[in-house]
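**Q** Okay, predicted coordinates and the sequence, questions at the end:
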Amino acid sequence: MSGIFIIILLLTNAVLDVFSIASVLPLVALLLNPELIHSNNLLKSIYNFSGISNSTDFFILITTSVIVLFIIKNIISYWIFRYQSKYAFDVSAGLSGNLLNHFYTLPFLKIKYADTSMYLNRIVNIPPSFVTNILLSLLTIFSEGLIVILISSGLLIYSFDIFLLLLLILGPGAFIYYLIRKKKLSVLNYNLKTKLPKVLRLATEAIKGFVESTIFQKQKHFTNKFDQINKGLNNDYSKLTTAQGTSIKFVEIIIMMGIGILFIYSNLFIDNKNEVVLILSLFAAASYKIVPSINRIFVSFLNIKTHQFTLDELNDIENFKTALSNKSHQPISVNDKIELNNVSFEYPSSSFKLNVKNFKVKKGEKVGIRGLSGSGKSTLINIFIGLISIQKGEFLIDGNKINSDEISEWQKLIGYVGQNPFIFNDSLLYNIAFDYELNADDQERINKTLNFLNLDNLVQSLPDGLNTNIGEEGSKLSGGQKQRIAIARALFPEREILIFDEITSNLDKETEKEVIQTILKVAKRDKTIIFVSHKDEILNTCDKIYRVENGDVFLDKEKVTSSIDD
């Protein structure tokens, strides 16, 4: 409905534009022949109705009326343009939101191996670029095209000969301009599509790789790579801006050719000089709107042609309007055990294969997973938590098979802490609760969680307590503090299954011991816990241990003696 309303507004605006231009003609006619007040029926009626007694005052009235009409027309045009812009960028915001939702529906492996800058560009840059250069350009072509058509229709009604002469000049001229620009615009479209994601990627790598590039003194390497692509991108923007700015010059040449033809035509075929002046005034008034309108149409075509890649980007996404699934499923609960039976998985571009004959986790157990780097531990965990779909075998909870559309319900039972937990550039509270305001029950729960993890002192030391921003990737915190916050994030929603994937690999011995003791305290709360680790000090706390070797998963019969105090 908003789109239809926009069309109606643009149609109204076009009519107002043409009407305001047409209102200038009576002024010119009166200036050339004041006697029209008495000979023209419309002017005579207005003159009699106004009660004015002389032609001078009447001319002032008409002039003032035209000025007021232009003011009112432009005020209305302002509000129409404002509504149009609001509508267009609401579309942009909606597209970005839908694209982010679509991102969350993508397979884990597609995201894992994808170029991050590609998704950043698609979600952040493509929607406003599409709206600015495609949607608004189409609306501009529609609105300005209406103005050109209406004014041309007026010229056609007034004089078919003049209209035909102008059409023979303007038509071929516009077509020649399009042919000249067509190939260059296709090249610009390709360059903008390919170079912008590269610039984003190189800038991201330069920032993320600050330490490495500084230590190895490779700053010049990063800046040279960035400059090479970025200069090319900005050179393309320069060409596009030049094309947009110079199109008016081409339009002016065409219009001047039209004026020249009118002069010649008037001199050869029109004897009445007043009529010549009126025709030229009509053309001048028409040109006042037609020249900018044709220029805007040309620029809009340029924008559409050079930013066609934004449409391609959106079309590459299957059903980009799709948000996260709203299908409802019965909640899943674990009363006995979780099993992976005869499960196998192969990566598309690798010879690696994971084979799981039987992986069983009983409710309330502490289960360890050990194995060398690259053996398949992470793949096993990613299958267990539903990030990777199994290609063969069964995923069972209490003997019932779990299908792919039930995975989201299964994930509601899981709390996960990885080796390098992601810390948001936001407040401590948001990093734990994913929220800025808590109700009384949630506040009590978060206080208990902080106390349980010995984070009280940290909160008290921060200037704004829980509301303190802890920096990008937790830059204001130590490694141990970041791990505790990640554990707090896993504990806060009170999930019944907790998975800790190599969480102590970046910790010193003392901090590692404190973290493990904290987790073991959690285990006493009737939680099911899975440790992924290569350290015997951690694995010996488990009820059973699985070993992963070259993709094969089996129960490890070896146990070691505990070295961590309970």
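**A** Everything's here; your move.
**Q** going forward, measure contacts and count neighbours with C-alpha atoms only.
**A** Noted.
**Q** Could you find the closest non-adjacent residue to residue 192?
**A** Using C-alpha to C-alpha, 6 or more residues apart in numbering and skipping the chain neighbours, the partner closest in space to residue 192 is residue 233 (6.7 Å).
**Q** What count of nearby residues applies to the one you found?
**A** As a burial measure, residue 233 scores 21 neighbours (other C-alpha atoms under 10 Å).
**Q** Mind telling me what element it is part of?
**A** According to DSSP states H and E, residue 233 maps onto helix 219-269.
**Q** In a helix, residue 37, correct?
**A** Yes. Assessed with DSSP: H, G, I helix; E, B strand; the rest coil, residue 37 lies in a helix.
**Q** what about stretch 64-81, average pLDDT?
**A** The average of the pLDDT scores along stretch 64-81 is 88.
**Q** still on that earlier bit, hang on, isn't the residue nearest to residue 192 packed against residue 196?
**A** Yes. Taking contacts as C-alpha atoms under 8 Å, residue 233 lies within contact range of residue 196: 7.0 Å.
**Q** low pLDDT regions in the stretch 101-250 of the chain?
**A** Applying pLDDT under 70 to the stretch 101-250 of the chain flags residues 161-162, 165-166, 169-170, 173-174, 177-178, 210-212, 214-216, 244, 247-248.
**Q** at 90 what do you get?
**A** The stretch 101-250 of the chain contains residues with pLDDT under 90 at 101-126, 128-129, 132-133, 143-250.
**Q** measure the residue nearest to residue 192 to residue 193 for me?
**A** Distance of residue 233 to residue 193, given as C-alpha to C-alpha, to the nearest Å: 10 Å.
**Q** One more: residue 372?
**A** 42 Å.
**Q** Settle it for me: which of these two has more neighbours?
**A** More crowded of residue 372 and residue 193, by other C-alpha under 10 Å: residue 193, with 20 against 13.
**Q** residues in contact with the more buried one?
**A** Residue 193 sits next to 307, 309-310 when contact means C-alpha atoms under 8 Å, 6 or more residues apart in numbering.
**Q** From the residues you listed, which shows the smallest pLDDT?
**A** The lowest pLDDT within the contacts of residue 193 belongs to residue 309, with 83.
**Q** which helices and strands sit right next to the host helix or strand of it?
**A** If you go by DSSP H and E, residue 309 is part of helix 308-315. Applying 3 or more C-alpha pairs under 8 Å, 6 or more residues apart in numbering; DSSP states H and E, one finds that helix 308-315 makes contact with helix 126-130, helix 160-208.
**Q** Save these as JSON lines, and put in distance to residue 472 too.
**A** Listed next are the helices and strands packed on helix 308-315 as JSON lines, based on distance: least, C-alpha to C-alpha, whole Å:
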{"stretch": "helix 126-130", "distance to residue 472": "25"}
{"stretch": "helix 160-208", "distance to residue 472": "11"}
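**Q** hey, which of the ones you listed is tucked in deepest?
**A** helix 126-130 (a mean of 23; mean count of other C-alpha atoms under 10 Å).
**Q** Against which helices or strands is that one packed?
**A** Contact here means 3+ C-alpha pairs under 8 Å, 6+ apart; on that basis helix 126-130 packs against helix 55-105, helix 308-315.
**Q** model confidence over stretch 51-61, on average?
**A** Rounded mean pLDDT across stretch 51-61 is 80.
**Q** who touches residue 486 in this structure?
**A** 417, 421-423, 431-432.
**Q** Burial check on residue 438, number of neighbours?
**A** Per other C-alpha under 10 Å, the neighbour tally for residue 438 reads 13.
**Q** State the three-state secondary structure for it.
**A** Going by three-state DSSP: residue 438 is coil.
**Q** Starting from residue 67, give me the distance back to it.
**A** In terms of C-alpha to C-alpha, residue 438 sits 59 Å off from residue 67.
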